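Engineer: My questions are about this predicted structure, shown below with the sequence.
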Amino acid sequence: MRTAARCVRLMVRRFFQHKVGVQSAALAFYLLFMIFPFLIFISALLGLLDLNVTAILLVLGEFLPREVVDIVQAYLLHVGQEPNVRLMLFGLFFSLWFPMRATSALMQAVRQAYHLGPPRREIVHWLKTLIYTVMLILTIAVTLAFMTVGDRLLSWLMVQFRLPVFWAELWRRLRFPAAGTAGYFALFFLYALSQDGVRPWRELWPGTAAALAAWLGLNWLYAEYVERFAHYSLLYGSIGTVIVLLIWLNMTAMVLILGAEFNGTLLSLRNEREKRGTPQ
């Protein structure tokens with residue numbers, strides 16, 4: 001009980017000392033500029049590949065606020081009506097640039113949470129940022145593809161290879177846990193790549209799991225709040241959707257940073273115990 005109270009006090013102190021609120025606002029700013037080029041790229045790609053936009057929106061609607069899904073739908077339908085390779089390449093370029101800026105800002109926040117200074121080798125840090133950004137985009141694209149075209153792929157496999165219905169039901173049950181697992185490892189590798197060296201697994205996984213669980217829980221609570229109580233569209237008109245998006249981005253950024261701060265807090269408590277000679 002005493003350790004838990006000490007952990008809470010350290011987290012509160014770190015929140016103000018490390019200016020988590022300011023860092024979250026900066027990260028939300030980069031995430032905002034990251035969304036629209038990425039949507040342009042995805043929508044142009046969807047137009048060229050003729051994928052199912054409705055299925056993608058249904059998947060996103062499972063864990064995102066309705067207003068955020070509405071913004072995604074508007075851009076996907078508007079830009080996807082006229083497939084354009086040049087537009088797709090334009091979206092791809094800025095889909096790398098702005099996510100790299102967001103990833104760099106988040107890595108700096110993670111390094112501060114672990115009480116690390118500037119990166120020892122800037123070129124290596126830049127390469128890690130680029131690699132992680134590409135990996136994150138591919139993870140999102142592959143996850144969405146499996147979540148949306150999975151049913152059609154399963155139907156084709158069942159007809160061609162006469163697979164039992166059990167496999168289709170198993171996939172429908174496991175695809176959301178699979179997406180959660182992909183999100184866990186994406187965040188885990190972000191915390192790991194932010195370090196100068198290799199850190200033990202125990203110094204990375206608690207904050208990763210806590211951040212993912214908190215993000216899913218807060219998304220559900222915020223979606224319920226917006227749906228039942230905060231009718232922003234009635235109060236502010238069309239700008240209400242943007243307000244919901246900004247609040248959601250800031251909430252997401254804060255949770256990602258606090259996950260790293262939680263790891264840093266646990267590491268500080270462990271170091272305190274070691275200095276006192278108390279067994280873990």
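Structural biologist: Great, that's in hand.
Engineer: how many neighbours does the nearest residue to residue 196 once chain neighbours are set aside have?
Structural biologist: Ranked by C-beta to C-beta, 6 or more residues apart in numbering and with sequence neighbours excluded, the top spatial neighbour of residue 196 is residue 120, at 5.3 Å. Heads up, the C-betas are built off the backbone N, CA and C, glycines and all. When neighbours are counted by other C-beta atoms under 10 Å, residue 120 registers 10.
Engineer: Kindly indicate whether residue 120 is helix, strand or coil.
Structural biologist: Assigned by DSSP: H, G, I helix; E, B strand; the rest coil, the conformation of residue 120 is coil.
Engineer: So what does it have for phi and psi?
Structural biologist: With angles defined as degrees, to the nearest 10, residue 120 sits at phi -70, psi -40.
Engineer: could you measure it against residue 131, distance?
Structural biologist: 17 Å (C-beta to C-beta, to the nearest Å).
Engineer: for residue 244, same thing?
Structural biologist: Counting by C-beta to C-beta, the gap from residue 244 to residue 131 is 32 Å.
Engineer: Counting neighbours, go ahead and name the busier of the two.
Structural biologist: Counted by other C-beta under 10 Å, residue 244 and residue 131 do not tie: residue 244 has more neighbours, with 24 against 13.
Engineer: So the more buried one is in contact with residue 65, correct?
Structural biologist: Yes: the pair residue 244 / residue 65 is scored as a contact, 5.8 Å apart, by C-beta atoms under 8 Å.
Engineer: which residue sits closest to the residue nearest the centre of the chain in space, ignoring its chain neighbours?
Structural biologist: Closest to where the C-alpha atoms of the chain average out (C-alpha atoms, centre = their mean) is residue 183, at 6.9 Å. Leaving aside its sequence neighbours, residue 183 sits nearest to residue 212 (C-beta to C-beta, 6+ apart; 5.8 Å).
Engineer: wait, what's in contact with the nearest residue to residue 249 once chain neighbours are set aside?
Structural biologist: Nearest-residue entry for residue 249: residue 28, 4.1 Å, with adjacent residues in sequence omitted and distances by C-beta to C-beta, 6+ apart. Taking C-beta atoms under 8 Å, 6 or more residues apart in numbering, we find residue 28 in contact with 246, 249, 250, 252, 253.
Engineer: Which helix or which strand is home to residue 28?
Structural biologist: Secondary structure from DSSP states H and E places residue 28 in helix 20-49.
Engineer: for residue 169, same thing?
Structural biologist: Per DSSP H and E, residue 169 falls inside helix 165-193.
Engineer: May I see the buried residues of that helix?
Structural biologist: 168, 175, 179, 183-184, 186-193 (16 or more other C-beta atoms under 10 Å).
Engineer: what does the average pLDDT come to for whichever helix or strand comes after that helix?
Structural biologist: For helix 165-193, the succeeding helix or strand toward the C-terminus, using DSSP H and E, is helix 205-228. On average, the pLDDT along helix 205-228 is 83.
Engineer: Residue 202: neighbouring residues, count only.
Structural biologist: Neighbourhood size, residue 202 [other C-beta under 10 Å]: 11.
Engineer: And it, how far from residue 195?
Structural biologist: Applying C-beta to C-beta to residue 202 and residue 195 gives a distance of 14 Å.
Engineer: Run the angle between the host helix or strand of residue 249 and helix 165-193 for me.
Structural biologist: For residue 249, the element it lies in under DSSP H and E is helix 239-276. Per axes from the mean of the first three to the mean of the last three C-alpha atoms, to 10 degrees, the angle that helix 239-276 makes with helix 165-193 is 60 degrees.
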